[in-house]
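K.L.:
here is a sequence together with a model predicted from it:
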Amino acid sequence: MTKILKPYTIIPAQFYVEREADMQVKSIVEDMVRPGYVLVSRQMGKTNLLINAKRSIESNGEIFIYVDLSNTFQTARECFRNIIDAALDSHLDRFHEVRDTIITNRTQEGASSPYKEHLRELKELLGTIGNAKIIIMLDEIDALIKTAYSDQIFSQIRSNYFDSRVRSEDFYRLTYLLSGVLEPTEIIKDSKISPFNIGQKIYLNNFTESEFHQFISKSGLVFPKDVIDRIYYWTNGNPRMSWDLSSEVEDFLIAQGSITKGAVDQIVKKHYLTSFDKPPVDNIREIVRQDFEIRSVLKDLTNGKGIQVSDKLKKKLYLAGITDYIDDIVEIKNRIILESLNSTWLENVEEEIKSYDLEVDPDIPYFFVFGQSNSGKTAMVNGLIHYLKTMAQGQLEILNSSDKVYHKSGRDVLFEMSEDVEDSTFNQKGRAIYNEQNFSPNEINLLFTPDDIRIPIMPFCLLDMVDESMQEAMLTDGGIKGDRDGRVNAYLQHPDCSLVFVLVINIDFPDESEDLIVQFLDYAKSLGHTNNPVLFAVNKWDLEKEGYDSIIDYFQEKLPILEHLRKDPNRSTAIMDFSIGKLSESEGGVYRYDLKDSERLMKWMYQITTGYSYIEMGESYWERLIKSIKNTLKKI
């Protein structure tokens, strides 16, 4: 017997089963009225949907241009040109007449804006193919969230359905298909500049039972009816699982000569419900492990209850691959996923998180200091503590208890810092107090009480990695992985933890720092941290400042994505250049403290914590009035 269902990356056309999503794509291409975007979880057949669309479109003489946006560019111009280049390279026979013209125009001096250049090049493509249509497929659009130019891309697309069509009827023959795990509205930074309310959503759901039987028929597999029904019983038409389980059943039939529904159950248990490492189960369980909001509703779902949830959570469950997107009632996709997310496993996940014995004070901010190894995170904390203990007009009190490991480590870290700074020096190499088994964020709970009773007290918590070993918990595939993830995620996922992010850039590796911080913010956003205050800090600024007029110039040149993110209207953001002092080689490699930047950091933290300016609160009404008059006189 010849094997039929092989591990194809691309499903052969003779096996492909069209679903409602395929009909929607055809309708969008026929109407050319609005763009479509495929919102889909992993392993649901997106790639094959697009390839089938390409086959169908090009068989009618139209032009389908596929662009993978996961390979991002530095500027909007580069991204626009990549789209045109993809068209020229994939359809050279259709566009050879304009290829040289397009390339030549790009090299001429006095180049137009990226928007105008792209518009002109699109018009040249449309003008050389008669009445044929162009369909541009932009895949992995969620990658644009990491770019500074995402709004320009969506603004251009939107404009091509309005202004461009007014100027030239050629643009009625251009449309777009977008695909990713985020909606365009979630990627756009400023919806006032670039509203994207014209797209038609396309959801990829399970095969219906009829479509599943069509798949079995097209494949040419000859299984007993009860075996076919049992495969559907377990997969409920999930395309990836239907293919993979049918392939395993086929292997069993070839080896044994016969197959029963009981054997199907054993195959499911062996391949899906033992090690739980087969797609998409492995990915789904990891998402659930990392997402408190999803876990909170899974108890009812795993009990087989259909429940009503908000549209936001409904979409999150769909994109995690747990449910289909059909109506107001959500149910787990199939029995394999249901059993892989069983109540025992969910309880174990919760116990794992609870095992950190984390107690959070909902009334104070937790300043989470995050960045690459050797970026100077601990130096910033050292300088802040030293300033509060020696220069600020008030008393600093540590509130850590002795019975919590994360309190104990934080207290020990604070004491070590105090020893290091007694003579205004800081050992730049730092010390590693806790080994890997006991690693956790060092929680330093502090209360600063100003001497001036008019000034509010400042209770706060610092979360610091004293040995700068966050590199061991690097972000991978959008989440913090490894043995240490639970301790960090315990804070990120705790519903009562008011986090403030202090994100430190390593001046030696700005690109890597930017990438890591963007990943971290994406991950934090996936956990619901969408409006937490953020401070972007460039440490060791004294070693870098000579080449720049200001810290803003540095961000614009070295950190364009963070420069864009810091303008996020949904959260309070600030940037800061920071230097702890000067390195003294003659004194054995220590820093001699200069606390002016530590003072700036403290004042920013004070305002975040209390809502008041530390400077203004320390002055009387008459002092503030005199200062205002003096400032006014200076301007005259």
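P.N.:
Everything's here; your move. Computed from a predicted model, the values in this text were never measured in an experiment. Numbers count the residues shown, from 1 in each chain.
K.L.:
what's around the closest residue in space to Leu338 that isn't next to it in sequence, how many residues?
P.N.:
Ranked by CB to CB, 6 or more residues apart in numbering and with sequence neighbours excluded, the top spatial neighbour of Leu338 is Ile332, at 4.7 Å. C-beta here means a position set from N, CA and C on the backbone, and glycine is covered the same way. Taking other CB atoms under 10 Å as the criterion, the count of residues near Ile332 is 22.
K.L.:
now Pro239
P.N.:
Count around Pro239 with other CB under 10 Å applied: 24.
K.L.:
that one contacts Met44, doesn't it?
P.N.:
Yes: with contact defined as CB atoms under 8 Å, Pro239 reaches Met44; the gap is 6.2 Å.
K.L.:
helix/strand/coil for the residue nearest to Ile198 when sequence neighbours are not counted?
P.N.:
Leaving aside its chain neighbours, Ile198 sits nearest to Arg34 (5.0 Å; criterion: CB to CB, 6+ apart). What DSSP: H, G, I helix; E, B strand; the rest coil gives for Arg34 is coil.
K.L.:
so how far is Leu319 from Arg34?
P.N.:
22 Å (CB to CB, to the nearest Å).
K.L.:
isn't the residue nearest to Ile198 right next to Ile28, touching?
P.N.:
Yes: using CB under 8 Å, Arg34 makes contact with Ile28 at a distance of 7.2 Å.
K.L.:
which residues do the two both contact?
P.N.:
175, 200 (CB atoms under 8 Å, 6 or more residues apart in numbering).
K.L.:
those two: which is more packed in?
P.N.:
Shown here are Arg34 and Ile28; by other CB under 10 Å, Ile28 has more neighbours (22 against 15).
K.L.:
spit out the contact partners of the residue lying closest to that one once chain neighbours are set aside.
P.N.:
Spatially, and ignoring its direct neighbours in sequence, Ile28 is nearest to Gly36 (4.2 Å; CB to CB, 6+ apart). By CB under 8 Å, 6+ apart, the residues touching Gly36 are 24-25, 28, 176-178, 199-202.
K.L.:
closest one of those residues to Leu535?
P.N.:
Leu178 (33.5 Å; CB to CB).
K.L.:
now do the SS call for the closest residue to Ser579 other than its chain neighbours.
P.N.:
Nearest non-adjacent residue to Ser579, counting by CB to CB, 6+ apart: Asp542, 4.0 Å away. The assignment at Asp542 comes out as helix when based on three-state DSSP.
K.L.:
and for Ile561?
P.N.:
If you use three-state DSSP, then Ile561 falls in the helix class.
K.L.:
what's next to stretch 147-165, contact-wise?
P.N.:
With CB under 8 Å, 6+ apart, stretch 147-165 has contacts from 33-35, 72-73, 75-76, 79-80, 114-115, 118-119, 122, 144, 171-172, 174, 176, 184, 187-190, 193-196, 198, 560-561, 563-564.
K.L.:
of those residues, select the buried ones using a ChimeraX command.
P.N.:
Buried residues among the contacts of stretch 147-165 (16 or more other CB atoms under 10 Å), as a ChimeraX selection:
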select :35,72,76,79,80,114,118,119,122,144,171,174,176,184,187,188,189,194,196,560,561,563,564
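K.L.:
residues near Leu221, how many?
P.N.:
Leu221 - counted by other CB under 10 Å - has 18 other residues nearby.
K.L.:
now the one 4 residues further on
P.N.:
When neighbours are counted by other CB under 10 Å, Lys225 registers 8.
K.L.:
next up, the contacts around it.
P.N.:
So Lys225 contacts nothing (CB under 8 Å, 6+ apart).
K.L.:
quick check: it vs Gln214, distance?
P.N.:
Taken as CB to CB, the span from Lys225 to Gln214 is 15 Å.
K.L.:
Glu599 now?
P.N.:
In terms of CB to CB, Glu599 sits 71 Å off from Gln214.
K.L.:
my guess is Pro184 contacts Ile141, does it?
P.N.:
Yes: under the criterion of CB under 8 Å, Pro184 lies in contact with Ile141, with a separation of 6.8 Å.
K.L.:
list residues touching both of these two?
P.N.:
Common contacts of Pro184 and Ile141 (CB under 8 Å, 6+ apart): 37, 178.
K.L.:
could you find the closest non-adjacent residue to Leu388?
P.N.:
Leu396 is the one closest to Leu388 (CB to CB, 6+ apart), at 4.6 Å.
K.L.:
and for Leu92?
P.N.:
That would be Arg99: by CB to CB, 6+ apart, it lies 7.2 Å from Leu92.
K.L.:
now Ser613
P.N.:
Gln607 (5.7 Å).
K.L.:
what strand or helix carries the one you found?
P.N.:
Using DSSP states H and E, Gln607 falls within helix 596-610.
K.L.:
packing partners for that helix?
P.N.:
strand 365-371, helix 377-390, strand 458-464, strand 573-577, helix 614-617 (3 or more CB pairs under 8 Å, 6 or more residues apart in numbering; DSSP states H and E).
K.L.:
next, the angle helix 377-390 makes with the helix or strand that comes right after the second one.
P.N.:
Right, the one you point to is helix 377-390. The helix or strand immediately downstream of helix 377-390 is strand 394-398, counting by DSSP H and E. Interaxial angle, strand 394-398 versus helix 377-390 (axes from the mean of the first three to the mean of the last three CA atoms, to 10 degrees): 130 degrees.
K.L.:
quick check: mean pLDDT of strand 394-398?
P.N.:
Averaging pLDDT along strand 394-398 yields 89.
K.L.:
what is it packed up against?
P.N.:
Counting by 3+ CB pairs under 8 Å, 6+ apart, strand 394-398 packs on helix 377-390, strand 442-450.
K.L.:
just name the most buried of these.
P.N.:
helix 377-390 (a mean of 23; mean count of other CB atoms under 10 Å).
K.L.:
any idea of the angle that helix forms with strand 573-577?
P.N.:
90 degrees.
K.L.:
tilt between helix 377-390 and helix 596-610?
P.N.:
80 degrees.
K.L.:
what about the residue nearest to Leu388, how many neighbours?
P.N.:
So Leu396, with other CB under 10 Å, has 16 neighbours.
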